[in-house]
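S.K.: Let's see this in three dimensions:
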Amino acid sequence: RFMGIPGESLKGVYSANEYLTRVNLMKAYKEGSKTPIKKSKNVAVVGGGNVAMDAARSAKRLGAENVYIVYRRGMEELPARKEEVEHAEEEGIIFKLLTNPVRVLGDENGCVTGMECVEMELGEPDDSGRRRPVEKKGSNFVLDVDTMIMSIGTSPNPLIRSTTPGLETNRHGCIVTNGDDGLTSREGVYAGGDAVTGAATVILAMGAGKHAAKAIDEYIKSK
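M.R.: All right, here's what the predicted structure looks like:
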């Protein structure tokens, strides 16, 4: 997922999934790599989960001088595991909390040169039970970065719902199913895994596949 703010298409803006995949699986940091990764000096990772910590620590190990975790809530609300946060701090990751990006700045070549942010303060709790971040008017400032990594979560590929008439999805873009059997709003179509639950584990997806397979078998036999 991206934020939909101006400048997100500039060169030097990555999703955390792309960044980590290219670094770890494609060895993009090596000289002569077919998919080289940008050699960064100042990196901002937007988000506060475990994947954000992975991306930040990877950027630091690849030679970045300053790596920032930019998160719109406070330290108490960080969704990452406590040990992940502690390890990031030990490696020198800088936490810019109660901060939210509003625009990515670039040069004449379309490369990232900075990130305009606003300061936030915590208001009343929202639906998740966490205190809702509220923007401080007039608190805009620019963070000097040349690379921005988005790590604010994932959502299912919109191609499935946009090309399958009669398939109900929720506000997060996840396919709505009828309980464990995985039956969707379209007869004879079953779903499971991250496309239904949002980002979760492989083992849960495998379990959903087995439940759906059993239901599909029963459906076919009934016909």
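S.K.: Quick one: list the elements packing against the longest helix seen in the chain.
M.R.: Counting residues, the longest helix found in the chain (DSSP state H) is helix 202-222. Applying 3 or more C-beta pairs under 8 Å, 6 or more residues apart in numbering; DSSP states H and E, we find helix 202-222 packed against helix 194-197. In short, each C-beta sits where N, CA and C put it, glycine included.
S.K.: Kindly export the helix it packs on (C-alpha atoms) in CSV.
M.R.: Provided in CSV are the C-alpha atoms of helix 194-197 (Å, rounded to 0.1, in the frame of the first residue of the first chain):
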residue,chain,number,x,y,z
ASP,A,194,-4.2,-13.1,2.4
ALA,A,195,-6.8,-12.1,-0.3
VAL,A,196,-9.5,-12.7,2.4
THR,A,197,-7.8,-12.0,5.8
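S.K.: Other residues contacting that helix?
M.R.: Contact with helix 194-197 is made by 154, 156-157, 160, 174-177, 182, 200, 204-205, 208, as judged by C-beta atoms under 8 Å, 6 or more residues apart in numbering.
S.K.: Among those, which lie within helices?
M.R.: 160, 204-205, 208.
S.K.: out of the contacts of helix 194-197, who's nearest K39?
M.R.: T154 (26.7 Å; C-beta to C-beta).
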